[in-house]
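> this is the structure alone, sequence omitted:
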C-alpha cells in the first residue's frame, strides 16, 4: 500500500513511521515549512492508495486537491494504527477551552497506574513524574498509548481539533468555535465528526452533538454554588468544592465528575481538587495576591474571571494586569488578538498594565486606544510577572498571557 502523509510538522513523521513499521510504502510531505522540496514537487504526479492530511490543511492545497486517492485525517489514521490493543480505561479529550483542567481533574481520581497526556506534558501516575513534553496533535497519542499499555494502566489524552474515537470515552469540553483550514472548516464541526467512532461521547452544554452514544452534561449534572450533583443510571453523587464558583473550573470539574461515573469510578476525590498552575492558581509575593491565568486557553473571558477572583481574594480594587501573547509560541492554536486584549483591559479596568509580546504598531487604531495605558512592555511571561511585582505596591496581580504551559 502506497500512502501519502501530509504535514510532517504536526505529527506526520510519527504517522509515517507507524505506517512504515506496518509494511506500507510512505511518502511524507511538509506542506507548511518547505523542508521536503523534492517530495512536495513530486507528490502531485504520483499515484497513492491513501492520503493522510491534517484537519487544519486547506482542502484546496495543490498537493491535496490533485489527489484521487481516498483522504483521511490524522485523527482517523491514528485510530486505524492503534487497532485494538489499547489501555483501559482510555479517555480522549478535545475542545477549545478546558481540556487540560478536565484531564488533570479526571486523572486525580482514576485509581492505580496510568498516563496523563496533556499540552502541559505527559505524566506517569500516581507518581506524577514527567515522561516527556510533546504537542497534542493526534499522532502524539501513539507514544502515550504504547507507554500506558506497557504499564499496564489507564490513559487520558488531550488532543487538538478532535479525537481519534478509540478507547472508552471521548469528551468535548466546549462549544466554542473558530475556523481552520484557511477559514474553510469549522473547528467544532470537525471535533464532532471525529467522535463518530467513539463508544461513548460526553459533551459540554451547547455542543451540537447528538446520537445514541452521546451524553449531554446538562442532562446528568447540575451545579449550585459550591455544590455539584451528578445523577446517572440511578446513582447520585454530591460534590463540594469552592472551585465550582469559578467558570473556568466549573465545567471541567463537572465533566470530570460525569466521566468518572460513566466509567463507574467514584468522583468523591474531586472534593479536594485544587487549582492548577496557570489556571487560576493563587500565590503571594510582597503581600500581593497573584492569580495565574496564563495558559494556551487564555482569553478575554478567563481574564475577567481571574480579575474578579483576584480582587475578591485581595479585598482591594487595585490590580496590575499582565496580558498578551508570547511571540512565536506556535503551540497556541487560537491566538489572543489585539482587539480581544483591548476588550479584556476595558472590562477589567486595571490600575496598571504590563504588556507581554508584540504591542500594536504605531498608527494603528489599537495603538491609539492604548496610548497612556501600558505601563511596561515585556517579551516573556516570567519577565512580565517580575515587572508587575516591582511596579505593584498593594492589591493584586493577574497573569493573563496566552502561552503554552
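Yep, it's here. Given the structure is predicted, the values throughout are model-derived calculations rather than measurements. Numbering: from 1, shown residues only.
> could you pull out the strands in the stretch 51-200 of the chain for me?
71-73, 90-94, 114-118, 121-125, 129-132, 154-158, 169-172, 179-180, 185-186 (DSSP state E, counting those that start in this stretch).
> mind checking which helix or strand the spatially closest residue to residue 50 that is not a sequence neighbour is in?
With Cβ to Cβ, 6 or more residues apart in numbering as the criterion, residue 50 has its nearest non-adjacent residue at 4.8 Å, and that residue is residue 3. Bear in mind the C-beta positions are built from the backbone N, C-alpha and C, glycine included. In this structure, residue 3 sits in strand 2-6 according to DSSP states H and E.
> chain center to that strand, what's the gap?
From the chain centre to the centre of strand 2-6 is a distance of 27 Å (Cα atoms, centre = their mean, to the nearest Å).
> hmm, back to that, which pLDDT value goes with the residue nearest to residue 50?
As predicted, residue 3 sits at a pLDDT of 97.
> cool, and residue 338?
You'll see residue 338 listed with a pLDDT of 86.
> repeat for residue 368
We have a pLDDT of 54 for residue 368.
> would you confirm that the residue nearest to residue 50 contacts residue 52?
Yes: contact criterion Cβ atoms under 8 Å: residue 3 and residue 52 qualify, at 6.5 Å.
> in terms of neighbours, single out the busier of the two.
Per other Cβ atoms under 10 Å, whichever of residue 3 and residue 52 has more neighbours is residue 52, with 29 against 22.
> residue 325 reaches residue 401, doesn't it?
Yes: counting by Cβ under 8 Å, residue 325 does reach residue 401; the two are 6.7 Å apart.
> excluding chain neighbours, what is closest to residue 119?
Nearest residue to residue 119 in three dimensions, chain neighbours excluded: residue 136, at 5.1 Å (Cβ to Cβ, 6+ apart).
> residues near the one you found, how many?
Other residues close to residue 136 by other Cβ under 10 Å number 28.
> same check, this time on residue 300
By the criterion of other Cβ under 10 Å, residue 300 has 21 neighbours.
> swap in residue 208?
10.
> give me the pLDDT for it.
Value listed for residue 208 in the pLDDT field: 96.
> how's this protein carved up into domains?
2-69, 80-272, 281-402 (automatic domain parsing).
> what about the first one, start to end distance?
According to Cα to Cα, to the nearest Å, domain 2-69 extends 10 Å from its N-terminal end residue to its C-terminal end residue.
> the last one too?
Separation of the first and last residues of domain 281-402 by Cα to Cα is 15 Å.
> to the chain's geometric centre, what's the distance from that domain?
20 Å.
> using a markdown table, lay out the strands of the stretch 51-200 of the chain together with mean pLDDT and mean neighbour count.
Output for the strands of the stretch 51-200 of the chain, formatted as a markdown table (pLDDT from 0 to 100; neighbours: other Cβ atoms under 10 Å):
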| stretch | mean pLDDT | mean neighbour count |
| --- | --- | --- |
| strand 71-73 | 97 | 18 |
| strand 90-94 | 98 | 28 |
| strand 114-118 | 97 | 26 |
| strand 121-125 | 96 | 19 |
| strand 129-132 | 96 | 12 |
| strand 154-158 | 98 | 28 |
| strand 169-172 | 98 | 29 |
| strand 179-180 | 94 | 15 |
| strand 185-186 | 96 | 17 |
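> mind listing what's buried along stretch 53-61?
Neighbour-count burial for stretch 53-61 flags 53-58, 61 (criterion: 16 or more other Cβ atoms under 10 Å).
> correction: the previous question concerned stretch 137-149.
Residues of stretch 137-149 classed as buried by neighbour count (16+ other Cβ under 10 Å): 137-145, 147-149.
> tell me which two of these sit farthest apart.
137 and 149 (19.7 Å; Cβ to Cβ).
> sorry, back to before: now do the residue nearest to residue 119 against residue 180, distance only.
From residue 136 across to residue 180, the span is 15 Å (Cβ to Cβ, to the nearest Å).
> related to what we said a few turns ago, show me which of residue 325 and residue 401 is the more surrounded one.
A side-by-side neighbour count of residue 325 and residue 401, using other Cβ under 10 Å, places residue 401 first with 30 against 22.
> pairing partners for the helix or strand the more buried one falls within, with directions?
Assigned by DSSP H and E, residue 401 falls within strand 396-402. Paired neighbours of strand 396-402 in the sheet (DSSP bridges): strand 288-292 (parallel), strand 319-325 (parallel).
> ok, residues contacting the helix or strand that comes right after the first one?
Yep, that's strand 288-292 we're talking about. Proceeding N to C from strand 288-292, the next assigned helix or strand is helix 300-314, under DSSP H and E. Residues from elsewhere that reach helix 300-314, judged by Cβ atoms under 8 Å, 6 or more residues apart in numbering: 97, 246-248, 280, 282, 288-291, 293, 317, 319, 321, 323, 340-341, 343-344, 347-348, 350, 395-398, 400.
> any of those residues buried? List them.
97, 246-248, 280, 288-291, 293, 319, 321, 323, 340-341, 343-344, 348, 350, 395-398, 400.
> picking that back up, how about the strands of the stretch 51-200 of the chain, which one is nearest residue 21?
Smallest distance to residue 21 across the strands of the stretch 51-200 of the chain (Cβ to Cβ): 18.1 Å, for strand 71-73.
> which neighbours do residue 325 and residue 401 share?
Listed as contacting both residue 325 and residue 401 by Cβ under 8 Å, 6+ apart are 356-357.
> surely residue 34 and residue 40 touch.
Yes: when contacts are counted by Cβ under 8 Å, residue 34 is listed as touching residue 40 (6.9 Å).
> compare the two (neighbour count), which wins?
residue 40 (16 against 8).
> show the pLDDT at that one.
On the pLDDT scale, residue 40 gets 89.
> go on, residue 404?
pLDDT at residue 404 comes out at 77.
> for residue 310, same thing?
Listed pLDDT for residue 310 reads 93.
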